[in-house]
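>>> Provided below for reference: sequence and predicted model.
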Amino acid sequence: MDLVKMNNTIDLLKKLTSAVGVSGAEDNIVVLLTKILSQYGNVSVDCMNNVYCTFGEGYHFLLDAHLDEIGLIVTDITDDGFIKVGKCGGIDLRMLPAYEVSVWGKKEIKGVISTLPPHLQTSDDEKKAPKLKDIAVDTGLKSDDIKKYVSLGDRITFKRNFTELLDDNISSSCLDDRAGVASILMALDRLKKLPCKITVLFSSQEEVGTRGAKIGAFSKNVDETISVDVSFAYTPGCDKSDCKELGKGAMIGFSPILDSEMSKDLVKTAAKYNIPYQCEIMSGTTGTNADVISINENGIKTALISIPEKYMHQPVEVVNINDIKAVSDLIFSYISERAGEIDA
C-alpha cells in the first residue's frame, strides 16, 4: 500500500511514528524512509544516517526535516535487575516516573520506569522532579537475563501511543519531527512535475545538536532551503506571544538567521493560494536545522515553516492534520511559483 500516493495523512503519520529512531540509532526509520523515497528519485544514506533523495534538473531546492526522536540510552544494568539511563535529547524528567517504555537491544524488551507510590513519598518528593540518576527501568527480568538481550548503549523509547482526537487532531510520540517528514512526503508527487531540482534531506541527530543537518547540505550546490519542523502551539500556562494556534495553518518563520525575502514570499504565496498560515517571529536563532543549514558552505538562502504542536518532547504530542497539509501545500506552491519565475 502506497501511503504517500494515497495522501492519507493519518495513515502516513501512523506509519512514520511507529518506526523507532532515537538520535544516533535511527536505522529503523532510515529503512522506512529509504523505501518510500525510492519511488521518487536517487536515494542515498550517509554515515550519519542522513537520508537523501534527489530528482529533477535546474534551480536547486533543498527540503529538510529531521527524522530522529528523543529517547534514553542504557548506561548501566544493576545487580538487582534495573536499567539505569541517560538522555538522548531534551527529555522532560517530570514525565518519566511510571511511564511505559521499550528497550531496543537484541529484541524489544518492554518495561516501566520505576516510581514510589504516593503512600511512600515524603512531602519533599511530591514537590520535585526526579533526578536522572534516580531513574530506573524495570523489565521484570533478573540482571543476568537482562544482559542476554540488553547492552550498554542500547536505546529506549517511550510507549507508542497513536490516538485520533476530535477535530482532526492527532496525539502521538515523535510527531517532532515525523509531522514535518510527512508534510514533505505529501508534496513530492506534485514537485516531481516542476522544472527544477529537488533534494530531500531527512536529517539525523537534530535532537542532540542539529548534527546531521550541519553536513547535510554540504557539496549539494543548493540555491534555496526550506526546513520544516514543529513549533509551539498554545496551551494553558503558555504565553500567547510565544505560541501560535493549532489548526490555524502553517507557521512561517521570521528570524535574523532566515532569508527575509523567502519569508515574505512564503506569506505572499500562502495568501495567493488561500493556504492557512501564521507568522512566527523569532528575535534570534530558530533552534532548528535552519540555523546550521543557512551557514553551510558559502551560505544558503533558508526559510523555516513549522507545524504547530502541543506538548513538545512528551509522548503525547498533538498536531492537527490540516496544519500538516497546509505546510505541504505551501511548500509545493512556493516552489512552483519560484520555478516558474526562474524558468520564465
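Thanks, I have it.
>>> so what secondary structure elements neighbour the top helix by length along the chain?
Using DSSP state H, we find that the single longest helix of the chain is helix 321-343. Judged by 3 or more C-beta pairs under 8 Å, 6 or more residues apart in numbering; DSSP states H and E, helix 321-343 is in contact with helix 9-18, strand 60-66, helix 175-185, helix 188-191, strand 224-232, strand 250-254, helix 260-272, strand 301-309. For glycine as for every other residue, the C-beta is placed from the backbone atoms N, C-alpha and C.
>>> between those, which gets nearest to V318?
strand 301-309 (6.7 Å; C-beta to C-beta).
>>> now the closest one: how far from the chain's centre is it?
In this view, strand 301-309 has its centroid 12 Å away from the chain centroid, taken as C-alpha atoms, centre = their mean, to the nearest Å.
>>> may I have it as CSV, with CA atoms only?
Provided in CSV are the C-alpha atoms of strand 301-309 (Å, rounded to 0.1, in the frame of the first residue of the first chain):
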residue,chain,number,x,y,z
LYS,A,301,19.1,31.2,1.5
THR,A,302,17.0,29.4,4.1
ALA,A,303,13.4,29.6,5.2
LEU,A,304,11.6,27.8,8.0
ILE,A,305,8.0,26.5,8.0
SER,A,306,6.7,25.0,11.2
ILE,A,307,3.8,22.8,12.2
PRO,A,308,2.0,24.0,15.4
GLU,A,309,2.4,21.3,18.1
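>>> what angle do it and strand 60-66 make?
On the basis of axes from the mean of the first three to the mean of the last three C-alpha atoms, to 10 degrees, strand 301-309 is oriented at 30 degrees to strand 60-66.
>>> ok, back up a step: what average pLDDT does the longest helix of the chain get?
Model confidence over helix 321-343, given as mean pLDDT, is 92.
>>> same thing with stretch 131-143?
Taken as a whole, stretch 131-143 has an average pLDDT of 91.
>>> ok, and what's touching it?
Stretch 131-143 has contacts (C-beta atoms under 8 Å, 6 or more residues apart in numbering) with 72, 77-87, 93, 96-97, 101, 103, 109-114, 146, 156.
>>> mind exporting that stretch as CSV, just the C-alpha atoms?
Provided in CSV are the C-alpha atoms of stretch 131-143 (Å, rounded to 0.1, in the frame of the first residue of the first chain):
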residue,chain,number,x,y,z
LYS,A,131,17.0,13.4,39.1
LEU,A,132,18.3,11.4,36.1
LYS,A,133,20.5,9.4,38.4
ASP,A,134,17.3,8.2,40.2
ILE,A,135,15.6,7.0,37.1
ALA,A,136,15.5,3.2,36.6
VAL,A,137,13.7,0.9,34.1
ASP,A,138,12.0,-2.2,35.5
THR,A,139,11.6,-5.0,32.9
GLY,A,140,10.7,-7.7,35.4
LEU,A,141,13.9,-9.7,34.5
LYS,A,142,16.8,-10.5,36.7
SER,A,143,20.2,-8.9,35.9
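>>> so where's the stretch 101-250 of the chain uncertain?
The model of the stretch 101-250 of the chain has pLDDT under 70 over residues 116-128.
>>> ok, which stretches of it are strands?
108-113, 136-138, 155-158, 163-164, 169-172, 197-203, 224-232, 250-254 (DSSP state E, counting those that start in this stretch).
>>> between those, which gets nearest to D242?
The minimum distance between D242 and the strands of the stretch 101-250 of the chain falls on strand 224-232, with 6.1 Å, by C-beta to C-beta.
>>> tell me what that closest one is packed against?
Applying 3+ C-beta pairs under 8 Å, 6+ apart, we find strand 224-232 packed against strand 60-66, helix 175-185, helix 290-293, strand 301-309, helix 321-343.
>>> partner strands of it, parallel or antiparallel?
Applying DSSP bridges, strand 224-232 is found paired with strand 60-66 (parallel), strand 301-309 (parallel).
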